[in-house]
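Participant: just a sequence and a predicted model for now, questions to come.
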Amino acid sequence: MSQLNSAAPNQTTTTLTLAKALNAGMRAALAADPKVLLYGEDIGSLGGVFRVTEHLQKEFGEERVLDSPLAESGLIGTAIGMAQRGYRPVVELQFDGFVFPGFDQITQQLAKLRFRSQGRVELPVVVRFPYGGGIGSIENHSESVEAYFAHTPGLTVVTPSNPNDGYWMIQQAIATPDPVIFLEPKRRYHEKGVVQLDAPAHGLHEAAVVRPGTDLTLICWGPMVRTCLDAAAAAEKEGRDLEVVDVRSLQPLDFATIARSVEHTSRAIVVHEAQRNYGPGAELAARLQEELFYVMESPVLRVSGYDTPYPPSKLESDWLPNLDRVLAAVDQSMAY
């Protein structure tokens, strides 16, 4: 690790980008358990499309960090077989839109074998891939597909929003005995942050209040956490105190943390990149309506992508939720 420093007694930190933090987390997992394998498309000598696995094959060898054919269904199927033989494969898919050739294997095999075997078969497989927009890429390279997998019983679905979570959540996911869909916000890969190297601040399935506030709760995850923090900072200049909750785990959902925040502020807006209809924001709005109806002072609002296929790259800044759209929703909520 570079840039080591002591933040406080008995606390060791370093500053890393999200991509480098994920790399460091996987390095730690490979070093800790010889059964951990990395498997994916061009992850070896190339280090993956975004270089997240850079140098790991050189360090751990071609039998621990394996390049796969460009065939997502075969990649997932092979990982299932590896897991049944006692290994802990960490699968990388190059882009979010490339997951669909492996969708059948994930939803019909990986998600169900624990139930089908009455709990006798564990499948500790992590399927990790970059997701979301914001890098000027094209269709099939900028999708937000979390709802498909959060809707599938048997899968854990998590997403880090910062380097510290990236470092710890990938290790926690690899240690999980059941399959994990690990979504990495590609537009945040190169953003730097402090990584606490001694212990994680949260469990894998815990939401986190990343900015306390009193007037309204912004509920978000992955790439939208930074957007919401920026919106909260802008709203502060107008005298509004916004709380920001990073969901972190979409399945299982730490609804208790979210509910405590909304009980405190009495207003909520869900912000996500995925399309609006049937998205995760709808589930969160429904849960809040069911459980906190008499607490809330305004309806739960949603700021999301639009209900169209992902647009050409020159239009994505108009399609993706941004600071102005979040602040407009804040004005709408506070007007009730």
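Facilitator: Looks like it came in fine.

Participant: residues in contact with the residue positioned nearest the centre of the chain?
Facilitator: By CA atoms, centre = their mean, the chain has its centre lying nearest to Thr159, at 1.3 Å. Applying CB atoms under 8 Å, 6 or more residues apart in numbering to Thr159 gives the contacts 131, 146, 182-185, 221-222, 248, 250. All C-beta spots, glycine's among them, are computed from the backbone N, C-alpha and C.

Participant: can you put those in CSV and add secondary structure and distance to Pro200?
Facilitator: CSV is the format used below for the contacts of Thr159 (DSSP: H, G, I helix; E, B strand; the rest coil; distance: CB to CB, whole Å):
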residue, secondary structure, distance to Pro200
Tyr131, strand, 22
Glu146, helix, 22
Phe182, strand, 15
Leu183, strand, 18
Glu184, strand, 17
Pro185, strand, 19
Trp221, coil, 17
Gly222, coil, 18
Arg248, coil, 11
Leu250, strand, 18
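
Participant: and of those residues, the nearest to Arg85?
Facilitator: Using CB to CB, Phe182 comes nearest to Arg85 of the contacts of Thr159, at 21.5 Å.

Participant: bridged to that closest one, which residues?
Facilitator: Beta-bridge pairing for Phe182 (DSSP bridges): Arg128, Val158.

Participant: that one against Val125, yeah?
Facilitator: No. Applying CB atoms under 8 Å as the test, Phe182 and Val125 come out as separate, 10.3 Å apart.

Participant: give me the pLDDT value at the residue nearest to the centre of the chain.
Facilitator: Thr159 is assigned 98 on the pLDDT scale.

Participant: phi and psi next, for it.
Facilitator: Phi and psi for Thr159, reported as degrees, to the nearest 10, are phi -150, psi 120.

Participant: got it, and Val209?
Facilitator: As for Val209, its main-chain torsions (degrees, to the nearest 10) stand at phi -80, psi 110.

Participant: contact partners for it?
Facilitator: For Val209, the residues meeting the contact criterion (CB under 8 Å, 6+ apart) are 243-246, 257, 261.

Participant: and with 10 Å instead?
Facilitator: 217, 243-246, 257-258, 260-261, 264 (CB atoms under 10 Å, 6 or more residues apart in numbering).

Participant: out of the residues you listed, list just those in strands.
Facilitator: Taking DSSP state E as the definition of strands, these contribute 217, 243-246.

Participant: between the residues you listed, which sits nearest Val36?
Facilitator: Asp246 (26.4 Å).

Participant: and the contacts of Thr159 as TSV, adding distance to Pro312, neighbour count and pLDDT?
Facilitator: Listed next are those as TSV, based on distance: CB to CB, whole Å; neighbours: other CB atoms under 10 Å; pLDDT from 0 to 100:
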residue	distance to Pro312	neighbour count	pLDDT
Tyr131	19	28	95
Glu146	23	26	96
Phe182	28	24	98
Leu183	23	25	98
Glu184	23	25	98
Pro185	21	26	97
Trp221	26	27	98
Gly222	22	27	97
Arg248	31	25	98
Leu250	28	27	98
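
Participant: in JSON lines: those, plus distance to Val52.
Facilitator: Listed next are those as JSON lines, based on distance: CB to CB, whole Å:
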{"residue": "Tyr131", "distance to Val52": "13"}
{"residue": "Glu146", "distance to Val52": "19"}
{"residue": "Phe182", "distance to Val52": "11"}
{"residue": "Leu183", "distance to Val52": "13"}
{"residue": "Glu184", "distance to Val52": "7"}
{"residue": "Pro185", "distance to Val52": "12"}
{"residue": "Trp221", "distance to Val52": "19"}
{"residue": "Gly222", "distance to Val52": "15"}
{"residue": "Arg248", "distance to Val52": "19"}
{"residue": "Leu250", "distance to Val52": "21"}
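
Participant: let me know the closest of those to Glu41.
Facilitator: Set against Glu41, the nearest of the contacts of Thr159 by CB to CB is Glu184 (14.8 Å).

Participant: the closest one contacts Val127, doesn't it?
Facilitator: No. Applying CB atoms under 10 Å as the test, Glu184 and Val127 come out as separate, 11.1 Å apart.

Participant: perfect, I'm done here.
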